[in-house]
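*Asks:* could you look at this predicted model? Sequence included:
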Amino acid sequence: MPMVIGNRDRNVAYRFNPHANVHGRDTRVVKSLELIRACGLHADAPVIDVSGGTPLLIESLLDAGFSDLTVINGSPAVLEALSGRLGDRANRVKLIERDVIGFHPHRRYALWHDREVFHLLTHAEERQQYVESLEEALQPGGHLVITTFGPDGPQEYGGLPVRRYSARTLPEELGSQFELAEHSLSMHQVPSGEVQQYLHCRFQRHAPGQTLSPE
């Protein structure tokens, strides 16, 4: 029987502790792990992370027994840094060097995770291409775990404009195929000392004939 990551298996749930080994308690990583845990995925479920710059997340998923992980990022430096961080375990993660915009996967995934991409897309055409890639990649019934700047978050990031979202506007942007299952806001202090607001959401994609309701 496949190992299940979730509350149904107490031993696995203990191993998949969102707070374990997250040094400095990065709120964004902890929230992502909590939402991924809530998906109740099998350990062999295919997972794709389109952020690429979150090694603590990938390390935590490997520690929890996930065996089919893919990371996509357009920067070779980011992927090299992740590979170096993972060390001997790097060969257990598929690294794809390309931008998520216009990404056409050769397979489908049970989970799409994004911590820092969508809120950087300030043009409507970019966001539409992102959603098209998401729809192409995610299985019917699959899960989307996404973090963006919240409604009171910063208006710029690295000197560039960003978009801020709420639990109302983000579902509108993603479209009717995705049902919002849960959401929360958090505050995170960046190295500069600034405290930024983030929105954390878990969506599930509608499967044919399926009716989803928020928990």
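*Replies:* Good, I have the coordinates. Numbers count the residues shown, from 1 in each chain.

*Asks:* after the longest helix that the chain contains, next one along is what?
*Replies:* Ordering each helix of the chain by length in residues (DSSP state H) puts helix 124-137 first. Counting by DSSP states H and E, the next helix or strand C-terminal to helix 124-137 is strand 138-149.

*Asks:* chain center to that next one: distance?
*Replies:* Remark: strand 138-149 is offset 7 Å from the chain centroid, using CA atoms, centre = their mean, to the nearest Å.

*Asks:* tell me what angle the longest helix of the chain forms with strand 138-149.
*Replies:* 140 degrees (axes from the mean of the first three to the mean of the last three CA atoms, to 10 degrees).

*Asks:* buried ones in helix 124-137?
*Replies:* Neighbour-count burial for helix 124-137, counted by 16 or more other CB atoms under 10 Å, picks out 126, 127, 129, 130, 131, 133, 134, 137. The C-beta positions use only the backbone N, C-alpha and C, and glycine is treated the same way.

*Asks:* so how far is that helix off the chain centroid?
*Replies:* With CA atoms, centre = their mean, you get 15 Å for helix 124-137.

*Asks:* can you tell me the SS state at residue 29?
*Replies:* Judged by DSSP: H, G, I helix; E, B strand; the rest coil, the three-state class of residue 29 is helix.

*Asks:* distance check, it against residue 196.
*Replies:* Distance, residue 29 to residue 196, by CB to CB, to the nearest Å: 14 Å.

*Asks:* cool, thanks, talk later.
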